[in-house]
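**Student:** Let's see this in three dimensions:
(one chain, ligands or ions: 1)
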Amino acid sequence: MRYDYVVVGAGIAGITFAENISSELNEKVLIIEKRNHIGGNCYDEYNENGILIHKYGPHIFHTNNKRVWDYLSQFTEWNIYYHKVLGSIDGKFVPIPFNLNTLHELLPESLANRLENQLIQKFGYGCKIPILKLKQSSDKDLKFLADFIYEKVFLNYTTKQWGMKPEELDPEVTGRVPVYISRDNRYFQDKYQGLPKYGYTKMFEKMLNNKNIHIILNTDYKEIINKIEYDRLIYTGPIDYFFDYKYGKLPYRSLDFKFETYQLDQYQHVEHKYPNDYDFTRITEYKHMTGQKHEFTTIVKEYPKDYKLENDIPYYPIPQKENIVIYSKYKNEAEEQKNVIFIGRLAEYRYYNMDAVVEKVLFFLRGEKYGN
Ligand code: FAD
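**Tutor:** The predicted structure follows:
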């Protein structure tokens, strides 16, 4: 059979692409996926105790983009959910990202009041400031506060998560969890937040439910691509692998997930982060996010590590100058490729939230349809 498109990778990028081109353009699509399931890192499944878990780490959908929200809402209802996180700092559980409530919980009242006033005066209520920017404050009090937050919240957490200090990484990394001058304890402030009511995998199954889409699982695309007739390739796998690592391997951080199930209604109230204790970074409890009612509950602990072994999963591209230089070489070659589109977190060697991936695909397709 001849296909209009071959999509490599059945993650949210590949699935969004396949859904759009098969339904809107009525084109024939073959998806080739290396794993034994669809969904990429957003995949969820019921474990042996009947708890819906996210196999590759907790995924909370959040976006300010109505088009993205409306697009996915065609395939799922939502369990509206506002994520909250407490960090274990100085023997107390306090709100993370660091906000005005955290300030008052950790510092003496008169000092906290003074710092709160200074923060609001200088930046304005509701402002989000990356820690590395706050650390550049010339004001003595704000510099003291920045150093305090850096030491207690960022330094050890970043070192554990990335194997290096905040300054060694692109500022974008610590900027993802900025200091928030607000009393809002929610982890995200996006307009739309939640999880697909019946899970991500069910949502993806609906997206792929089209006679124009064929899926091959358990197959590395390189094993079969030469035997397939197609017009265009959508590539969402690792860009260095596509080019046989000719400029070297791009490094990633990986994670080990340790799942534990208890016969309890609830293990903890919200997600807990451990910047300064233990080898794991956080404990998340799935039932909070999914809204599932069950006599058992499953939690997951995340242990960061380097991406080295064959079975390790490349989770996080490491945004350091030398890696961006390697990536740029691949990107230049990618741009020369006729009829191949590189899209998604592995193909673009870049951390993307789910909504950004969907947005990127929709934008690309719209540009293609209306523009080029
Ligand atoms: P992937 O999901 O990685 O899909 C790529 C697919 O390509 C994979 O299925 C892979 O098996 C397949 N593939 C690779 N190579 C080949 C090959 N050679 N042949 C065939 N198939 C191949 N985002 C949020 O918005 N909210 C969150 O709460 C959130 N939490 C996260 C937590 C963790 C621990 C991590 C790591 C990420 C989180 N993300 C979150 C980000 C989210 O996972 C990504 O945005 C999303 O998975 C990117 O989708 P993708 O399709 O680009 O990549």
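**Student:** Quick check: which element contains the residue of the chain most remote from its centre?
**Tutor:** With distances taken as Cα atoms, centre = their mean, the residue sitting farthest from the centre of the chain turns out to be residue 110, at 38.3 Å. With secondary structure defined by DSSP states H and E, residue 110 is part of helix 109-123.
**Student:** With residue 45 instead?
**Tutor:** For residue 45, the enclosing helix or strand under DSSP H and E is strand 44-46.
**Student:** Which neighbours in the sheet does that strand have, and how are they oriented?
**Tutor:** In the sheet containing strand 44-46, the strands it pairs with under DSSP bridges are strand 52-54 (antiparallel).
**Student:** How far does the helix or strand following the partner strand sit from its chain's centre?
**Tutor:** Towards the C-terminus, the helix or strand next in line after strand 52-54, according to DSSP H and E, is strand 61-63. Between the centre of strand 61-63 and the centre of its host chain there is 10 Å, according to Cα atoms, centre = their mean, to the nearest Å.
**Student:** Let me see the residues that make contact with strand 61-63.
**Tutor:** Outside strand 61-63, the residues that touch it by Cβ atoms under 8 Å, 6 or more residues apart in numbering are 69, 72, 78, 83, 188, 190-196, 353-355, 359. C-beta: built from backbone N, CA, C; applies to glycine.
**Student:** for stretch 140-149, which positions count as buried?
**Tutor:** Using 16 or more other Cβ atoms under 10 Å as the test for burial, stretch 140-149 gives 142, 145, 146, 149.
**Student:** Kindly report the same for stretch 268-282.
**Tutor:** With the criterion 16+ other Cβ under 10 Å, stretch 268-282 contains buried residues 270, 271, 272, 273, 274, 275, 276, 280, 281, 282.
**Student:** what about residue 180, distance to the ligand?
**Tutor:** Per Cβ to the nearest ligand atom, to the nearest Å, residue 180 is found 18 Å from the ligand.
**Student:** Return the residues in contact with that residue.
**Tutor:** For residue 180, the contacting residues are 97, 98, 99, 100, 128, by Cβ under 8 Å, 6+ apart.
**Student:** related to what we said a few turns ago, which among the buried residues of stretch 140-149 gets closest to the ligand?
**Tutor:** Within the set of the buried residues of stretch 140-149, residue 149 lies nearest the ligand; the separation is 22.8 Å, counting by Cβ to the nearest ligand atom.
**Student:** Can you tell me how far the closest residue to that closest one other than its chain neighbours is from residue 306?
**Tutor:** Sequence neighbours aside, residue 98 is the residue nearest to residue 149 in space, at 5.1 Å (criterion: Cβ to Cβ, 6 or more residues apart in numbering). Note on residue 98: its distance to residue 306, by Cβ to Cβ, to the nearest Å, is 28 Å.
**Student:** which parts of the chain sit against the ligand?
**Tutor:** Within reach of the ligand by Cβ under 6 Å from any ligand atom, the chain has these residues: 8-14, 32-35, 40-42, 57, 59-61, 220-221, 236-238, 241, 255, 315, 344-346, 352-355, 357.
**Student:** try 5 Å
**Tutor:** Among all residues of the chain, those adjacent to the ligand (criterion: Cβ under 5 Å from any ligand atom) are 9, 11-13, 33-35, 40-41, 57, 59-60, 220-221, 236-237, 315, 344-345, 352-354, 357.
**Student:** got any ranges where this structure has weak pLDDT?
**Tutor:** For the chain, the stretches flagged by pLDDT under 70 are 368-372.
**Student:** returning to that earlier point: pairing partners for the helix or strand following the helix holding residue 110, with directions?
**Tutor:** Following the chain from helix 109-123 toward its C-terminal end, the next helix or strand by DSSP H and E is strand 128-129. Listed by DSSP bridges, the sheet partners of strand 128-129 and their directions read strand 179-180 (antiparallel).
**Student:** Now do the helices in the stretch 251-372 of the chain.
**Tutor:** 286-290, 321-336, 354-366 (DSSP state H, counting those that start in this stretch).
**Student:** of all those helices, which lies closest to residue 27?
**Tutor:** Ranking the helices of the stretch 251-372 of the chain by their distance to residue 27 (criterion: Cβ to Cβ) puts helix 354-366 first, at 11.4 Å.
**Student:** Can you classify residue 195 by secondary structure?
**Tutor:** Using DSSP: H, G, I helix; E, B strand; the rest coil, the secondary structure recorded for residue 195 is strand.
**Student:** That one touches residue 82, doesn't it?
**Tutor:** No: taking contact to mean Cβ atoms under 8 Å, the distance of 11.2 Å between residue 195 and residue 82 leaves them out of contact.
**Student:** higher neighbour count, those two?
**Tutor:** Neighbour comparison, residue 195 and residue 82: the larger count goes to residue 195, with 26 against 15 (by other Cβ atoms under 10 Å).
**Student:** Let's verify the closest residue to that one other than its chain neighbours: helix, strand, or coil?
**Tutor:** What sits nearest to residue 195 in space, not counting adjacent residues and going by Cβ to Cβ, 6+ apart, is residue 79, at 5.0 Å. Residue 79 carries the three-state label strand when classified by three-state DSSP.
**Student:** Surely residue 79 touches residue 200?
**Tutor:** No: with contacts counted by Cβ under 8 Å, residue 79 stays clear of residue 200, the gap being 11.5 Å.
**Student:** who's more crowded, these two?
**Tutor:** Between residue 79 and residue 200, counted using other Cβ under 10 Å, the more crowded position is residue 200 (26 against 16).
**Student:** Can you mark which positions in stretch 1-19 are buried?
**Tutor:** Buried, per 16+ other Cβ under 10 Å, within stretch 1-19: 3-19.
**Student:** Now go through those residues and say which are in helices.
**Tutor:** 12, 13, 14, 15, 16, 17, 18, 19 (DSSP state H).
**Student:** In the stretch 151-300 of the chain, what residue lies closest to the ligand?
**Tutor:** Closest approach of the stretch 151-300 of the chain to the ligand (Cβ to the nearest ligand atom) occurs at residue 237, with a separation of 3.1 Å.
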